[in-house]
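K.L.:
Fold the following for me, if possible:
(chains A and B)
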Amino acid sequence: MSLMNQTGSVIMMNVRSIPQRLWMSVASVVSIALVVAVLLGFLALANGFSQTLKGSGSPNVVIVLRDGSGAELNSVIGRDQIDLLAGGPGIKLGADGKPLISAELMLVVDGIKKSSGTKANMPLRGIGPNGLAVRSQVRLREGRMFAPGSNEIVVGAGLLREFAGFEMGKTIRFGAQTWRVVGVFEAPGTVFESELWADAPVVQSLFKRGTSFQTARIALTSPEAMPAYLAYIKSDPRLQLKAQSEQAYFAAQAERSGLLIKYVGWPLGLIMSVGALAGALNTMYASVASRASEIATLRVIGFSGFSAFMGTMCEALVLSALGALLGTAICTLLFNGLSASTLGAGFTQVAFRLQVGPELIGQAVILALVIGFVGGVFPGLRAAQQRPLLAL
Amino acid sequence: MTDFDLVWKNLFRRPLRTGLLIISIFIAFLIFGLLVSVNVALERSSESGTAGNRLVVANKINFTQPMPIAYVNQVATITGVTAVTHFSWFGAYYQDQAKSRFVGFAVDPATYTAIYSDQIKLGPGQREAFIKTRDGVIVGKALADQYGWRLGQVIPISSNIYIKPDGGRALDMRVVGIFTGAKPTDPTTALYFNYEYLNESRTFGRDQIGTIGVVTASPDLNDTVAKAIDARFANSPYETATVDEKTFQRAFLKQAGDLNFIITMVVAAAFAAILMIVGTTLVSAVRERTKEIGVMKTLGFPGGRVLRMVLGESILLSGLGGGLGLGVAAFMLKGLSKSAMGASFGDLSMDLSVALVGIALALLLGLVTGLVPALSALRMNIIDALGRR
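P.N.:
Below you'll find the predicted structure:
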């Protein structure tokens, strides 16, 4: 019998005998599944947040903030600067033949977070007629857009999901003014879904902002037009502004979510792996011990030590693969698409959904198989080194 | 040979197996100790520095919206208010905006240091110097140590919000005091400087403030005073929302996300895993010993004593793993609270209540995992036991 055949039959023998050690094997599978589920949960949380940020940025939209202000909230841009911005090269023209530039202001208002019942920061954005034109992902789901010059608000679907108080048709008070919700818009997988929008001039006057704005978004004809436009802003000394592509702006914010994975997700996953590994080793040593006479018999009739090793090894790998499968299933069923929200870089809440993706599943499965491999090596060696006559 | 010796010998008759079990129990309790302690520290930091008779007045729209400075004097006239101060977020950073941002407020020096004297402990004469010096700044000890700032030094502190008429962002401030917190473990990574100095040098937002701090005559008056303040400014362009300090800080902390839920899930997962591992291993360990238990019963060991010995073994096992896990967690927390990142959490050391809950959990785990094998040992018939192979 060739070594291949020998090994193959021992592996089958091992795997088929798993039900004999049912409960300890189940314990191993479940503990590995829980490690996979916890790690995958954290990866999905961070992934959902960063995908939402990355999905918000367009490569042919420029976002302009005052130089030195890290966030929209701290920025100030005057009307005169907006006019200068409109004079740059490569700007796309709207249906009315005018450059597509959206001057916006953003301020923070309170909403009630549904999960905790406490106050949370909501972004209220004042936008002009071009606000929709520079955001191709957005469409109205319900109701209508606010009428220019009126105290009307449209609400993002993500904000509606996570926060109470902004339902369709509701009247809201900000300070002494009342506003009415007239529409709901959606922009799946972007931060815009977590915002309230109203007419910019109305927001300026009711919040005493004069004619100042905070950011400008400029739609260019193509991503290739970006360098020329950024150079235009840099070269004009009247524009002490920081311009970048919207894509780069949001990608920088998405980096933060990597910290969660680096400092919490993986360390926790690895610590738990050690516990699961101890369990797997125990199960496999017990398996070797319970099959001692079987292994010895095989050795006496001429099976190699290698086949005994591989039999134990593959049993451990099968158990860990089952654990990976179960863990992925638990995490996908429980967490995938789950809605959550946190305080984003703009000091306002960002609503997002947890996303379990193939790449993340791959990482978690590798961890499970490493546990299986290490959990199989040592018991496998013991099986291979067993002295047949002694065991019999 | 006492029963304990027997339990001990039984536990370690297969040292490798017992060692592995202890490792997995150890891991679960390590995770429990670390995560729950961090959660407790966060909850506590939302309460640290709060006092029962202090209120926070902010713009009703959101606390980032401003209020006129005239409100301070108007709040002071409301019945039940014994002291008032104000503070405004500055968006402070030192040299590099991306790497060195910290908490910085523009305050009224005299009233602020009086009301929050429990959190801002200054050396002799430093409070007076702060009140007198227009460009004075008081700096938390941790912050001063981090950048090597000394008393009398002039440091440029920049704002990511305000701009001076010349377009600059940095205000030169003179260090007139270095403060410590109420407890040595309290985070002191903030600085406070004179509101007047900011107000005269900024190009917008003049005569506006961020937040008003109020002391009431007694905590019982909090609700009445809060309502009176908000009623005073109702229907004005700047309506207010007044809450006690604890409520304000807790709401802010909750903005980050549902930490309690995440921690509960992770700890539950860790315990579910060891429950399975330890439970099934102990069942097979006692099964292995069936014959011995038969012999013991033949020798006249009563069923209850056999039951106690098996339970004793499982409790000893989880006690060893749990104790070790909690101990190492406490040790790691101690190290962590000395690091720069841990310091911002405040006091990270393990609470006695966390340790006690951990010990109770270890006992419970021992009971639960030992129950099935112990009962099967109790019910075991001598004839069957001796016959079983």
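
K.L.:
which stretches of the stretch 201-350 of chain B form strands?
P.N.:
Using DSSP state E, counting those that start in this stretch, the strands of the stretch 201-350 of chain B run over B:208-209, B:211-216, B:240-244.

K.L.:
Reformat those strands into CSV and put mean neighbour count and distance to A:F309 next to each item.
P.N.:
Any C-beta I mention is one placed from the backbone N, CA and C, and that applies to glycine too. As requested, the strands of the stretch 201-350 of chain B are exported to CSV (neighbours: other CB atoms under 10 Å in any protein chain shown; distance: least, CB to CB, whole Å):
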stretch, mean neighbour count, distance to A:F309
strand B:208-209, 22, 74
strand B:211-216, 22, 69
strand B:240-244, 21, 67
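
K.L.:
remind me, longest helix of chain B?
P.N.:
The single longest helix within chain B, with elements called by DSSP state H, is helix B:303-338.

K.L.:
partners of the longest strand seen in chain A, with directions?
P.N.:
Longest strand in chain A, counting residues (DSSP state E): strand A:101-113. Strand A:101-113 has the following sheet partners, assigned by DSSP bridges: strand A:119-127 (antiparallel), strand A:163-164 (antiparallel), strand A:215-219 (antiparallel).

K.L.:
right, and B:N59 touches B:S236 too?
P.N.:
No. Using CB atoms under 8 Å, B:N59 is not in contact with B:S236; the gap is 10.9 Å.

K.L.:
who has more neighbours, those two?
P.N.:
Neighbour tally, B:N59 and B:S236, criterion other CB atoms under 10 Å in any protein chain shown: the higher count belongs to B:N59, 25 against 13.

K.L.:
Now that one. Nearest residue, chain neighbours left out?
P.N.:
Among residues not flanking B:N59 along the chain, B:Q65 sits closest, at 3.7 Å (CB to CB, 6 or more residues apart in numbering or on different chains).

K.L.:
picking that back up, for the strands of the stretch 201-350 of chain B, give me a markdown table that also has distance to chain A and mean pLDDT.
P.N.:
Shown next, in a markdown table, are those (distance: least, CB to the nearest CB, whole Å; pLDDT from 0 to 100):
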| stretch | distance to chain A | mean pLDDT |
| --- | --- | --- |
| strand B:208-209 | 10 | 96 |
| strand B:211-216 | 14 | 95 |
| strand B:240-244 | 8 | 94 |
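
K.L.:
For A:V191, which non-adjacent residue is spatially closest?
P.N.:
Nearest non-adjacent residue to A:V191 (CB to CB, 6+ apart): A:S56, at 4.6 Å.

K.L.:
circling back: looking at the strands paired with strand A:101-113, which is closest to A:S75?
P.N.:
strand A:215-219 (5.9 Å; CB to CB).

K.L.:
Output the longest helix belonging to chain A.
P.N.:
Longest helix of chain A, by residue count under DSSP H: helix A:22-56.

K.L.:
Note down every partner strand of the helix or strand that it is followed by and its orientation.
P.N.:
Downstream of helix A:22-56, the next assigned helix or strand under DSSP states H and E is strand A:61-66. Using DSSP bridges, the strands paired with strand A:61-66 in its sheet are strand A:215-219 (antiparallel), strand A:241-245 (antiparallel).

K.L.:
quick one: average pLDDT of strand A:61-66?
P.N.:
What strand A:61-66 shows for mean pLDDT is 93.

K.L.:
before we move on, what about stretch B:155-163?
P.N.:
Mean pLDDT, stretch B:155-163: 91.

K.L.:
Quick one: end-to-end distance for it.
P.N.:
End-to-end distance of stretch B:155-163 (CA to CA, to the nearest Å): 17 Å.

K.L.:
Residues in contact with that stretch: which ones?
P.N.:
A:68-71, A:74, B:89-95, B:97, B:101, B:104, B:137, B:147, B:149, B:169-173, B:175, B:191, B:193, B:198, B:201-205 (CB atoms under 8 Å, 6 or more residues apart in numbering or on different chains).

K.L.:
from the chain's centre, how far out does stretch A:20-38 sit?
P.N.:
Relative to the chain's own centre, stretch A:20-38 is displaced by 27 Å; criterion: CA atoms, centre = their mean, to the nearest Å.

K.L.:
and A:M24, what is it in contact with?
P.N.:
Per CB under 8 Å, 6+ apart, neighbours of A:M24: A:N282, A:T283, A:A286, A:S287, B:T280, B:T281, B:S284.

K.L.:
Need the residues you listed in a markdown table (columns: neighbour count and pLDDT).
P.N.:
Formatted as a markdown table, the contacts of A:M24 follow (neighbours: other CB atoms under 10 Å in any protein chain shown; pLDDT from 0 to 100):
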| residue | neighbour count | pLDDT |
| --- | --- | --- |
| A:N282 | 29 | 91 |
| A:T283 | 30 | 91 |
| A:A286 | 22 | 89 |
| A:S287 | 25 | 89 |
| B:T280 | 25 | 89 |
| B:T281 | 26 | 89 |
| B:S284 | 18 | 85 |
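
K.L.:
thinking again about what came up before, quick check: buried residues in the longest helix of chain A?
P.N.:
Within helix A:22-56, the residues that count as buried by 16 or more other CB atoms under 10 Å in any protein chain shown are A:24-56.

K.L.:
Next, the angle from the helix or strand containing B:S376 to helix B:303-338.
P.N.:
Element membership for B:S376 (DSSP H and E) is helix B:352-379. Counting by axes from the mean of the first three to the mean of the last three CA atoms, to 10 degrees, helix B:352-379 lies at 160 degrees to helix B:303-338.

K.L.:
Helix B:352-379 - contacts with which helices or strands?
P.N.:
With contacts taken as 3 or more CB pairs under 8 Å, 6 or more residues apart in numbering or on different chains; DSSP states H and E, helix B:352-379 sits against helix B:15-47, helix B:259-288, helix B:303-338.

K.L.:
let's see it at 10 Å
P.N.:
helix B:15-47, helix B:259-288, helix B:290-298, helix B:303-338 (3 or more CB pairs under 10 Å, 6 or more residues apart in numbering or on different chains; DSSP states H and E).

K.L.:
Switch the ones you listed over to JSON lines; also include distance to A:G111.
P.N.:
JSON lines is the format used below for the helices and strands packed on helix B:352-379 (distance: least, CB to CB, whole Å):
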{"stretch": "helix B:15-47", "distance to A:G111": "20"}
{"stretch": "helix B:259-288", "distance to A:G111": "20"}
{"stretch": "helix B:290-298", "distance to A:G111": "64"}
{"stretch": "helix B:303-338", "distance to A:G111": "34"}
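
K.L.:
doesn't A:Q363 make contact with A:A44?
P.N.:
No. In this structure, A:A44 is not within contact of A:Q363 by CB atoms under 10 Å, at 11.1 Å.

K.L.:
shared neighbours of those two, anything?
P.N.:
A:G265, A:G357 (CB atoms under 10 Å, 6 or more residues apart in numbering or on different chains).

K.L.:
Domains of chain A: list them as residue ranges, please.
P.N.:
A:3-54+A:256-391, A:68-239 (automatic domain parsing).

K.L.:
Averaging pLDDT per element, find the lowest-scoring helix or strand in the chain.
P.N.:
This is for chain A. helix A:388-391 (a mean of 68; mean pLDDT, DSSP states H and E).

K.L.:
my bad, the chain I had in mind was chain B
P.N.:
Across the helices and strands of chain B, mean confidence by mean pLDDT, DSSP H and E is lowest for helix B:340-343: a mean of 62.

K.L.:
could you point out where chain B is predicted with low confidence?
P.N.:
B:1, B:48-49, B:185, B:340-346, B:388-389 (pLDDT under 70).
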